[in-house]
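Engineer: Just a sequence and a predicted model for now, questions to come.
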Amino acid sequence: MAFDDTSLRFVTQDIAKALDSRECGQSIARALARPDLAGIYLLSDGLGVNGSQLVAGIADIIGDVPVAGGLAGDGAAFEKTVIGANAEPVSNRIAAVGFYGDAIALGYGSAGGWDVFGPRRTVTRSVGNVLLELDGEPALDLYRRYLGEEAEGLPGSALLFPLQIFDPAAPDHVTVRTVLSVDFDAKSMTFAGDIPEGFTAQLMRGQFERLSDGAGLAARSACKGPDFTDVRVALLTSCIGRRLLMGQRIADELDAVGEALSGTGPVLGFYSYGEIAPLQTCRSARLHNQTMTVLTIAERTAA
């Protein structure tokens, strides 16, 4: 990609452990911060990072400047994820590109399409992104009971049953979390982002048509407004859980996105362990799971 009137800045950061995620986000944001910063595209290792803390650290420094991207995925293996950033791809790396100036036009949309089922439960014990108990019951025991025969495939099979969480004080700000690993001895589950104590949680499952509709909604949201009548490129980040569930019908998701973006330019992307995009209600970025997230990139035509 090349730009006529937009400048770029590129930065990488290696991370030693997930507990350093917020500090890494702050370091990246400091390197990119400038008064004319218009947005950030972010790619991160998917297993050694707490995605929600990474995004929160960036927001600590740059506020509500839009951030989009995702966490690298490894299918259902959960063994190794890598980031290539002007070098050989390696694990435990985070890379970001900052876009600067008034000419750049960035659009974003993120939607799921999953349905909730079962009772709402309270997160009674957690540490960061490690969920220990729901309603006083070991989290892994609850998941295994709901998954039935699918429990033999944990942690991979948990991708088919994400967790919806929200703060009872802000029920409209719903977030979906997906499992990264399980500890069978501790009966705990590690998620891609934080699961705060006191939040409400509810299991989810997907239906093909609803997931495809969600992908189309994300693409349409990314093209709203006068700036996106001539989108040049669209970058997609779709959760690997959607691909595992839909199988060959994953093409329906891409068809829905393609229809919404018809004639706008190249479309490319990857399957992730977490998607990063602003909320639709504000510019502040969040880590999402089990969504299709779309970032559109264009330059405004000079008057």
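Structural biologist: Right, received. Where do you want to start? Numbers count the residues shown, from 1 in each chain.

Engineer: Can you give me the domain assignment for the protein?
Structural biologist: The record's domain parsing of the chain by automatic domain parsing lists 7-112+208-299, 114-205.

Engineer: Tell me which of those is the most buried.
Structural biologist: Compared across these, domain 7-112+208-299 shows the largest average neighbour count, a mean of 20 (mean count of other Cβ atoms under 10 Å). C-beta coordinates here come from the backbone N, C-alpha and C atoms, glycine included.

Engineer: Can you measure across it, start residue to end residue?
Structural biologist: 11 Å (Cα to Cα, to the nearest Å).

Engineer: what ranges do the strands span in the stretch 201-303 of the chain?
Structural biologist: 233-239, 267-278, 285-288, 292-299 (DSSP state E, counting those that start in this stretch).

Engineer: which residues are in contact with the third one?
Structural biologist: In other words, strand 285-288. 51-52, 54-55, 58-59, 66-68, 71, 110, 112, 175-176, 192-193, 274-279 (Cβ atoms under 8 Å, 6 or more residues apart in numbering).

Engineer: Please work out the average pLDDT along it.
Structural biologist: Here strand 285-288 scores 86 as its mean pLDDT.

Engineer: likewise the second one?
Structural biologist: Confidence over strand 267-278 (mean pLDDT, whole number) is 92.

Engineer: so what does that strand touch, helix or strand wise?
Structural biologist: When contacts are defined as 3 or more Cβ pairs under 8 Å, 6 or more residues apart in numbering; DSSP states H and E, strand 267-278 sits against helix 51-62, strand 67-72, strand 104-111, strand 233-239, helix 240-246, strand 285-288, strand 292-299.

Engineer: Dump those into CSV; add distance to Val11 as well.
Structural biologist: Formatted as CSV, the helices and strands packed on strand 267-278 follow (distance: least, Cβ to Cβ, whole Å):
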stretch, distance to Val11
helix 51-62, 11
strand 67-72, 13
strand 104-111, 17
strand 233-239, 18
helix 240-246, 26
strand 285-288, 16
strand 292-299, 18
